[in-house]
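Participant: need coordinates for the following:
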Amino acid sequence: MDEHERDFLIDLLEAPSPAGFEAAGQRVWVDYVSTFADEVHTDAYGNAVAVHRGGDPDVALTGHADEVGFIVRGVDDGGFLRISRIGSPDPSTARGQHVEVHAEDGSVPGVIGQSPIHVRDGNGEVDDVEELRVDVGAPDEETARELVSVGDPVTITTQVTELADGRLVGRGMDNRTGTWAAAEGLRRAAERDAAATVYAVSTVQEELGMKGARMVGHDLDPDAVVAVDVTHATDAPDVPEKRYDEVELGDGPVVGRGSANHPVLGRAVREAAEADDIDVQLQAAGRGTGTDADGFYTRRGGIPSVNVSVPNRYMHTPVELIDLDDLDATADLLAAFAVRAHEHDQFAVDI
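Facilitator: Residues are numbered from 1 along each chain as shown. Take a look at the predicted model:
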């Protein structure tokens, strides 16, 4: 990953993009892909599509732009903001955090308070987000309502930090890493003069039920989709090993098998990895992927789709952690598949 590519990733991670409010992140993405794509367009809800024009087939490399967060649902008499979830953030990690309320007139800083250990009952565990309050410093309800409105999104304020051995930590790896990989996969495929038509797609509202993927899948109608997201890295000490597949940071992108993951398309992706000497991990999906692949593969009578994932520790917390080599290899894998896509007449199960 060179400096230009890294700067693009950091810009994506620093742009707040809670589900339903993705415009800031999509603007970063569109500006980047516009420098090399043959065409870029967005739709009414902000899904963004860039294309390298080739021949058949049409293949889409996708990631989702949105992140989990909170939303203002009310203001109490003391000027404290009541909040609800956007998607499924972990409320247990929210107390004691700096936040930004993204009001229409600009960002309003605040904190999610935590009563001092000296005065609270119990250990301070949070069972429900409705227990949380955002303190923006307002002395009363009237002052708070001059600053924010019901429906303003809220994100936890974090700093993107590189740790040892090329590990990067920050908020929103889920799934700015996927939109980065889709954009870079398109750029690298175009540099290799891919014969197929290759789309890079940055979808909205995945965290709310793959809504953007359903919109784009119907409108774009590609022959195949590779949907990039994050998956749980199980090499952290507090992950229950028996519940999840063995996925480790630094061992490469993860290719899904089962459920939405189309067997022929999945095999083509793995063959592309082998041809370009890219190490991959495998992951079983017996019931569903929980990613945009689930949204794409039931559109238009069935779009062959496969989920490729970036290993991620501490998902849906403010300290999501990835390995930059895994992410770079994911973009290489997307490009490797795209430049070989023309070798396949169709992606269909042979009956």
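
Participant: what about D238, distance to R313?
Facilitator: Going from D238 to R313 by Cβ to Cβ, to the nearest Å gives 10 Å. Every residue, glycine included, has its C-beta placed from N, CA and C.

Participant: more neighbours, those two?
Facilitator: Neighbour count, other Cβ atoms under 10 Å: between D238 and R313, R313 has more, with 22 against 6.

Participant: ok, which stretches of the stretch 251-351 of the chain are strands?
Facilitator: For the stretch 251-351 of the chain, applying DSSP state E, counting those that start in this stretch gives strands covering 254-257, 281-284, 305-312, 320-323.

Participant: once you drop chain neighbours, what's closest to the residue nearest the centre of the chain?
Facilitator: By Cα atoms, centre = their mean, the mean C-alpha position of the chain lies nearest to N175, the distance being 1.3 Å. Nearest residue to N175, sequence neighbours excluded (Cβ to Cβ, 6 or more residues apart in numbering): H64, at 4.7 Å.

Participant: repeat for D219
Facilitator: If the residues on either side of it in the chain are set aside, D219 comes closest to D43, at 6.8 Å by Cβ to Cβ, 6+ apart.

Participant: likewise A23?
Facilitator: The shortest distance from A23 to any non-neighbouring residue, by Cβ to Cβ, 6+ apart, is to G46 (6.0 Å).

Participant: settle this for me: that neighbour is touching K211, isn't it.
Facilitator: No - at 11.0 Å, G46 does not count as touching K211 under the criterion of Cβ atoms under 8 Å.

Participant: so which elements touch the helix or strand V198 falls within?
Facilitator: Assigning secondary structure by DSSP states H and E places V198 in strand 196-203. If contacts are counted by 3 or more Cβ pairs under 8 Å, 6 or more residues apart in numbering; DSSP states H and E, strand 196-203 sits against helix 23-33, strand 48-52, strand 55-64, helix 173-191, helix 211-220, helix 324-340.

Participant: quick one: distance of that strand to the chain centre.
Facilitator: Counting by Cα atoms, centre = their mean, to the nearest Å, strand 196-203 is centred 16 Å from the centre of its parent chain.

Participant: and that strand, C-alpha only, in PDB?
Facilitator: In PDB, the C-alpha atoms belonging to strand 196-203 read as follows (Å, rounded to 0.1, in the frame of the first residue of the first chain):
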ATOM      1  CA  ALA A 196     -14.500  -7.400 -18.600                       C
ATOM      2  CA  THR A 197     -16.700  -4.500 -17.500                       C
ATOM      3  CA  VAL A 198     -15.800  -3.900 -13.900                       C
ATOM      4  CA  TYR A 199     -17.900  -1.900 -11.400                       C
ATOM      5  CA  ALA A 200     -16.800  -0.700  -8.000                       C
ATOM      6  CA  VAL A 201     -19.700   0.000  -5.800                       C
ATOM      7  CA  SER A 202     -20.000   1.700  -2.400                       C
ATOM      8  CA  THR A 203     -23.400   0.900  -1.000                       C
END
